[in-house]
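Generate a structure from the sequence data that follows.
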Amino acid sequence: MRVLAIVHQEDAGPGVFAEAIGAAGAELDTWLLPHTPEPPAYPLGYDAVLVLGGAMNVDQEDRHGWLAAEKALLRELLERERPLLGLCLGSQLVAEAAGAVPRRAAQPEIGWHRVELTAEGGEDPLLGSLAPGFEAFQWHSYEFPLPPGGVALARSEVCLQAARIGEAAWALQFHPEVSAADARDWIEGYHSDEDAVAIGVDPAALAAETEGKIAGFNELGRDICRRWLSAARS
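Now for the predicted structure:
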């Protein structure tokens, strides 16, 4: 099985998902899209595609011209029912490719926030075992509404957190892939995110909280990835 990870910045890679993919015996290629115009191989030749996060926003095509091409690729992958999993920015890109219009959320979610599954989420092959809910690491200021025909799987107090699109695509607003090292980098560099500064993120407190919670959350992330690989294979 061959998996492509579309990466938008170096400290927002596949994280613990890479560990789960390797342990499952699958082959993982990463494509740092902003810096490498061409993917490692023909994108439609992969068995599954993972779309990761990034500090840019989904509506910033004027600043990041590659976003338009990525959105076109995701639309084609959806049309071909290729297994897809979008995380944070990736979730917004997948949702937009499916017909939704992502937008700025009512407020940023940065740090640890509770996620509650819907009734449909409790039956979902990726998230069902996490019912009724769980705490997730988040870092986003935008959200995605439910795409036409999509199934809402989970919500937080602020926004939709997970959706299934057709039988082969998922969009997750939280960060199940984030490694401990990447989480530390984001927290240490919080001042580069004007929304994090505006809401008064306390980096020392968030770092301490994350140190205590990240190991368990990483195992949750590996489990989600394993279940996604299983769904992709079937």
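
In terms of pLDDT, where does the closest residue to residue 81 other than its chain neighbours sit?
In space, residue 81 comes closest to residue 168 once its chain neighbours are excluded; the distance is 4.9 Å by Cβ to Cβ, 6 or more residues apart in numbering. Any C-beta I mention is one placed from the backbone N, CA and C, and that applies to glycine too. We have a pLDDT of 93 for residue 168.

Could you give the number of residues near residue 168?
18 (other Cβ atoms under 10 Å).

Give me the distance between it and residue 18.
21 Å (Cβ to Cβ, to the nearest Å).

Quick check: which ranges of the chain have low pLDDT?
Across the chain, nothing is flagged by pLDDT under 70.

hey, which helix is longest across it?
helix 203-233 (DSSP state H).

Now find how far off-centre it is within its chain.
Mean-position distance between helix 203-233 and its chain equals 12 Å (Cα atoms, centre = their mean, to the nearest Å).

Start at 4, not 1
Yes, from this point I'll number from 4; that puts the last item at helix 206-236.

Can you spell out which helices and strands pack onto it?
Contact partners of helix 206-236 among helices and strands, from 3 or more Cβ pairs under 8 Å, 6 or more residues apart in numbering; DSSP states H and E: helix 18-26, strand 51-54, strand 106-120, strand 136-146, helix 183-191.

quick one: strands adjacent to the shortest one?
This means strand 51-54. Here strand 51-54 is paired, per DSSP bridges, with strand 5-10 (parallel), strand 87-90 (parallel).

Out of these, flag the one nearest residue 143.
Of all the strands paired with strand 51-54, it is strand 87-90 that lies closest to residue 143, at 10.2 Å by Cβ to Cβ.
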